[in-house]
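*Asks:* Quick one, structure for this:
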Amino acid sequence: MKLPVHLHALRAFEVSARHRSFSAAATELHVTPAAVGQLVRALEDWLGTPLFLRSASGRARLVATEAAERALPDIRAGFDRLAIGLERLKEGSAGGVLTVTVSPAFAAKWLLPRIDRFQSAWPDTDVRLETSLKAVDFVAQRVDIGVRYGLGNWPGLTADKLMDEEVFPVCSPKLLHAPGRLQNPNELARETLIHDLSMDSHAAFPSWDAWLQRAGVTDVATARGMKINNSAAVLQAAAEGQGIALARSVMVHDDLAAGRLVRLFPEITFPSRLAYYVVYRAELSDKPDLVAFRDWLIKEATA
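*Replies:* Here you go, the predicted model:
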């Protein structure tokens, strides 16, 4: 079927409906608000019906009509399929770009120290790394694959478990120079605790309170201490001797191996309910460079 309307007008309509604003849509599309408005009006003129209820004030300047809301899922699915088709065309080229999303801490502490091994095996694939603490929209931001930390359920994404994780206290070796220091978990009451707030809103994220309860310690004031919202920075602070960090085993692996940090109380085990997962859209599951990167991640995690 021949499309009677230019794709730019449909895209302007879809983005405006998602943001409920011509200005916000213009920012995403890298054009002016006037250009977005003109494209939407051209689409409305062709259809002979308005697509938005417009308001001069308020947070939502544009509200899609009932008919527009019914059409939007199919229009978005269409753009998604077009993007996949373009990716298929790219597969025939000598090389390509693989867009990967991970958290800043996972990138710094696990992925970047290993990524050269993937680049050596797949020299024609350029990895474009997007680091963010927020869960990105794989379709809107054209993301191919990522690693997420959680319970393994993200709508619209296939999730393959990559690594389980354990949580335990760590500190700089220089904190242990004093004889008899930190021989018992109860001694943590006299130490500065470093708190990881990177996923503080997730109820299953392990906290000092949970670990201390596991260790049978009840007299430590966990409300005090240093609070940091980046897991890599938490470990850096501990390595510099600024306190005791509650480390995540995946993040701290290389620091322990290098002797920058020491695990405390290894007799106390505390597996996390959260784990690392490789995530991607099911419709791209046979994309060669995506498959290669997923398999490489799993191989590195099990090495």
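*Asks:* Domain parsing of the protein, as residue ranges.
*Replies:* 7-89, 93-164+275-302, 167-263 (automatic domain parsing).
*Asks:* Reformat these as CSV; add mean neighbour count and mean pLDDT.
*Replies:* The way it works is simple: take the backbone N, C-alpha and C, and place the C-beta from them, glycine included. Formatted as CSV, the domains of the chain follow (neighbours: other CB atoms under 10 Å; pLDDT from 0 to 100):
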stretch, mean neighbour count, mean pLDDT
domain 7-89, 15, 84
domain 93-164+275-302, 16, 91
domain 167-263, 17, 92
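*Asks:* how about those in TSV, adding distance to T269?
*Replies:* Formatted as TSV, the domains of the chain follow (distance: least, CB to CB, whole Å):
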stretch	distance to T269
domain 7-89	43
domain 93-164+275-302	12
domain 167-263	8
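*Asks:* Surely A247 touches E165?
*Replies:* No: under the criterion of CB atoms under 8 Å, A247 makes no contact with E165, lying 9.9 Å away.
*Asks:* who touches both of those two?
*Replies:* Common neighbours of A247 and E165 (criterion: CB atoms under 8 Å, 6 or more residues apart in numbering): none identified.
*Asks:* Surely K161 and A275 touch.
*Replies:* Yes: when contacts are counted by CB under 8 Å, K161 is listed as touching A275 (5.8 Å).
*Asks:* Return every residue with contacts to both of these two.
*Replies:* By CB under 8 Å, 6+ apart, the residues touching both K161 and A275 are G152.
*Asks:* Do you have the helices of the stretch 1-150 of the chain handy? List them.
*Replies:* Secondary structure of the stretch 1-150 of the chain (DSSP state H, counting those that start in this stretch): helices at 7-19, 22-29, 33-47, 66-91, 104-106, 115-121.
*Asks:* Nearest to T131, out of the ones you listed?
*Replies:* Distance to T131, taken as CB to CB, is lowest for helix 104-106 among these, at 4.4 Å.
*Asks:* Contacts for the closest one, please.
*Replies:* 131-133, 147, 149, 198, 230-233, 250-251, 276.
*Asks:* Just put the helices of the stretch 1-150 of the chain in CSV and tack on distance to G243.
*Replies:* CSV is the format used below for those (distance: least, CB to CB, whole Å):
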stretch, distance to G243
helix 7-19, 43
helix 22-29, 41
helix 33-47, 49
helix 66-91, 46
helix 104-106, 18
helix 115-121, 30
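*Asks:* right, so of these, which gets closest to T218?
*Replies:* Among the helices of the stretch 1-150 of the chain, helix 104-106 sits nearest to T218 (CB to CB), with 30.2 Å.
*Asks:* distance of the closest residue to G243 other than its chain neighbours from I268?
*Replies:* Counting by CB to CB, 6 or more residues apart in numbering, G243 lies nearest to T192, which is 3.5 Å off, once chain neighbours are set aside. In this view, T192 and I268 are 20 Å apart by CB to CB, to the nearest Å.
*Asks:* and what of L133?
*Replies:* 29 Å.
*Asks:* and if you look at F138?
*Replies:* 38 Å.
*Asks:* wait, what's in contact with T32?
*Replies:* A26.
*Asks:* Run through the strands of this protein in chain order.
*Replies:* 52-54, 62-64, 96-102, 125-131, 145-150, 158-163, 167-171, 193-196, 226-228, 244-248, 262-263, 275-280 (DSSP state E).
*Asks:* Could you dump those strands into CSV with distance to V31 added?
*Replies:* Below are the strands of the chain laid out as CSV (distance: least, CB to CB, whole Å):
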stretch, distance to V31
strand 52-54, 18
strand 62-64, 16
strand 96-102, 23
strand 125-131, 23
strand 145-150, 28
strand 158-163, 34
strand 167-171, 47
strand 193-196, 41
strand 226-228, 39
strand 244-248, 43
strand 262-263, 54
strand 275-280, 30
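*Asks:* Show me how far stretch 106-120 is from its chain's centre.
*Replies:* On the basis of CA atoms, centre = their mean, to the nearest Å, stretch 106-120 sits 16 Å off its chain's mean C-alpha point.
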